[in-house]
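In: Have a look at this prediction, sequence included:
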Amino acid sequence: MKMMKAVVKYAEAAGSTEIREVPIPEIGDTDVLVEVAYTGVCGTDPHLHKGTSAFKFVRPFILGHEFAGTIVKTGKNVIKFKDGDRVTSETHAEYCGKCILCRQNNYHLCRERKGYGFHVDGAFTKYVKVPERILHRVPDNVSLKAASITEPFCVAYKSTISNSNINPGDMVVIIGPGAIGILCAKLAQISGAAEIIVIGTEGDDKRLALAKEYGATVIINSSREDPLKKIMSLGDGYGADLILDLAGGSATLKLSMDAVRPAGQITKIGWGRQPVNFSLDPLIAKSVTFKGHFSHTWDVWEKCLVLMEKKIVDLEKLITHELGIDQWERGFEMVETKEAVKVVLKPI
């Protein structure tokens, strides 16, 4: 049996992650085998390693859900892809395809959905089995390194464009200057927002500076400046048309409710494990649209790849560090300490 090295979360206890030798996966008739070129480190990965994720999973499994690579083997019923194709993949490794949600292009919400690096073996390794239905071809002028972080770009697109409403001239506030937040700023700029405010906190100065390069008109470090006071001093004084909350905690939800204008919108993307411990009645008083956002769909991936191909959005500039998967722990640390904006790992 041919083996490969992989970063495996083998038990629920904190720190139960290590490099292991695992079998190269066998593919089915509608699958391909992708040789991984790069895998992005998501902010969720360190939480899984430390056992602080909001979710419980069956162990062991290989971590990693943002990846791109080259097809090295195809199942006999694969139609649109061939060996040698450069591809990236959605995270939805499994879903039923038959329920009402799947039929409405909401398959990312299917009860039977299983995601790479959470429920199904992921991409912190050399080879990944991928169903044809979630594959996307990487444009010739887009590097596999950039393509490996298409997934966070798709989260930004789905939350900002598909699940939110931006009109030219709007004020948009983005809380959390990670890779997704920075890309939300770029998409808000493309959509015509006139004021794009990105809020970070202690340790975020480099990320906030990068957000300026991606379209932010105002950056706020909340450890040194009151973001609510600054937001309400801009425009007509009623607050933001749209707030995108990437941070997810109760404090940022409270800020969102205070800073959104009447009849505005809050889109919550970041997860928060703890109770908010305050009333949500201001959402009613202001007649605010409050939406939760999760994941992405096939059409969004195709749009994002077009934006990458046309050089409208540059993902490679977000990648600040490249490491081998044997340095996965260092990569996780760099994400958590904010030393890096985005880390990608290469198989060994």
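Out: Noted; the coordinates are in hand. Numbering: from 1, shown residues only.
In: What strand or helix carries the residue sitting nearest the centre point of the chain?
Out: Nearest to the mean C-alpha position of the chain, counting by C-alpha atoms, centre = their mean, stands residue 152 at 2.9 Å. Element membership of residue 152, judged by DSSP states H and E, is helix 150-157.
In: tell me what that helix is packed against?
Out: Counting contacts by 3 or more C-beta pairs under 8 Å, 6 or more residues apart in numbering; DSSP states H and E, helix 150-157 packs against strand 66-74, helix 179-190, helix 298-309. Where C-beta positions appear, they are placed from N, C-alpha and C, glycine not excepted.
In: List the strands paired with the following helix or strand past the first one, with their directions.
Out: Per DSSP H and E, strand 66-74 leads on to strand 86-89 as the next helix or strand towards the C-terminus. Strand 86-89 has its sheet partners listed here by DSSP bridges as strand 66-74 (antiparallel), strand 135-137 (antiparallel).
In: Report the buried residues of strand 86-89.
Out: Buried positions in strand 86-89, judged by neighbour count with 16 or more other C-beta atoms under 10 Å: 86-89.
In: What of stretch 319-336?
Out: For stretch 319-336, burial by neighbour count (16+ other C-beta under 10 Å) applies to 319-321, 323, 325, 327-332, 334-336.
In: do the same with stretch 75-93
Out: 75, 78, 81, 85-93.
In: those helices in the stretch 101-250 of the chain, which residues are they?
Out: Using DSSP state H, counting those that start in this stretch, the helices of the stretch 101-250 of the chain run over residues 144-147, 150-157, 179-190, 205-213, 227-232, 250-259.
In: can you list the residues that contact the shortest one?
Out: When you say that, I think you mean helix 144-147. 37-38, 68-70, 86, 88, 138, 305, 308, 314-316, 319, 322, 344 (C-beta atoms under 8 Å, 6 or more residues apart in numbering).
In: Next: the longest one.
Out: Counting by C-beta under 8 Å, 6+ apart, the neighbours of helix 179-190 from elsewhere in the structure are 149, 152-153, 155-157, 159-161, 166, 170, 172, 174-175, 196, 198, 207, 210-211, 214-216, 242, 244, 246, 269, 312-313, 315, 318, 341-342.
In: Are any of the residues you listed buried, and if so which?
Out: Those of these that meet the buried threshold are 149, 152-153, 155-157, 159-161, 166, 170, 172, 174-175, 196, 198, 207, 210-211, 214-216, 242, 244, 246, 269, 313, 315, 318, 341-342, by 16+ other C-beta under 10 Å.
In: related to what we said a few turns ago, TSV for the buried residues of strand 86-89, including pLDDT and distance to residue 111?
Out: What follows is the buried residues of strand 86-89, written out as TSV (pLDDT from 0 to 100; distance: C-beta to C-beta, whole Å):
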residue	pLDDT	distance to residue 111
86	98	33
87	99	27
88	98	26
89	98	21
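In: Residue 13: which of the residues you listed is nearest?
Out: residue 89 (29.7 Å; C-beta to C-beta).
In: Quick one: residues contacting that closest one.
Out: So residue 89 contacts 34, 67-68, 116, 128, 130, 134-136 (C-beta under 8 Å, 6+ apart).
In: okay, and for this structure, where does confidence drop off?
Out: 54-56 (pLDDT under 70).
In: domain assignment for it?
Out: 3-153+296-346, 164-292 (automatic domain parsing).
In: So what would you say the end-to-end distance of the last one is?
Out: The first and final residues of domain 164-292 sit 10 Å from each other (C-alpha to C-alpha, to the nearest Å).
In: Stretch 121-130 now?
Out: First residue to last in stretch 121-130 (C-alpha to C-alpha) measures 11 Å.
In: next one: stretch 271-284
Out: With C-alpha to C-alpha as the measure, the first residue of stretch 271-284 is 22 Å from its last.
In: hang on, the earlier thing: quick check: the farthest pair among the buried residues of strand 86-89?
Out: 86 and 89 (11.6 Å).
In: what do those two both touch?
Out: residue 68.
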